[in-house]
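1. only geometry, no sequence info:
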């Protein structure tokens, strides 16, 4: 399900975010790493499962940007891993108070099995923006559910309250409609779908703040 490059990206991203929680002393480093790793795995696996039903391959990559200015030719040959840079700089400058949790983007490509469907009546070969939106958005909903599960069991393990909040924060960051982030891909497919996920996540955020 995961290729070696994805495994490295997920592990490195988890370590980096865990480091920010270690800086402000809210969680032990290993516990923070474990929680972040679970969130990354749920996020990516959910997208891969959703992509499977559309005969699409989903691959997790570092969030990179190549455009550095508004001019047509203002592109870099190699993308800048802006997600990693922000996730490292912000916690370091704020002693772990402010974190950046949007480190990755999802790359979707059509499988040969999807192309083969052109021989049937319900033929389709191209990956539509709505398909992309549904696949990327499925992970946001999964994190909301994971947040609820974490809060339910927080009575047995108090640190799960932080885990529950972290799920919501992670979802909010990945709903940001900018660049190659998943939030922009969700918005590109359907504004109503993106807005619905945003409202759902904000509701979870408000509940996480209000409840003890």
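-> Structure received. A quick note: this is a predicted structure, and the numbers were derived from the prediction, not measured.

2. right, and the helix or strand after the one helix or strand residue 132 maps to?
-> Under the criterion of DSSP states H and E, residue 132 resides in helix 129-152. As assigned by DSSP H and E, the chain's next helix or strand after helix 129-152 is helix 160-173.

3. what comes up buried for whichever helix or strand comes after that next one?
-> Elements were assigned by DSSP H and E; along the chain past helix 160-173, the next helix or strand is helix 182-189. Using 16 or more other Cβ atoms under 10 Å as the test for burial, helix 182-189 gives 182-187, 189. C-beta here means a position set from N, CA and C on the backbone, and glycine is covered the same way.

4. same question, stretch 2-9
-> Here stretch 2-9 shows 6, 9 as buried, counting by 16+ other Cβ under 10 Å.

5. And stretch 194-209, by the same measure?
-> Buried-residue list, stretch 194-209, by 16+ other Cβ under 10 Å: 194, 197-198, 200-201, 204-205, 208.

6. Which of the residues you listed fall within helices?
-> Counted as lying in helices by DSSP state H, out of those, are 194, 197-198, 200-201, 204-205, 208.

7. a markdown table for those residues, including pLDDT?
-> Converted to a markdown table, these look like this (pLDDT from 0 to 100):
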| residue | pLDDT |
| --- | --- |
| 194 | 97 |
| 197 | 97 |
| 198 | 96 |
| 200 | 95 |
| 201 | 95 |
| 204 | 91 |
| 205 | 91 |
| 208 | 80 |
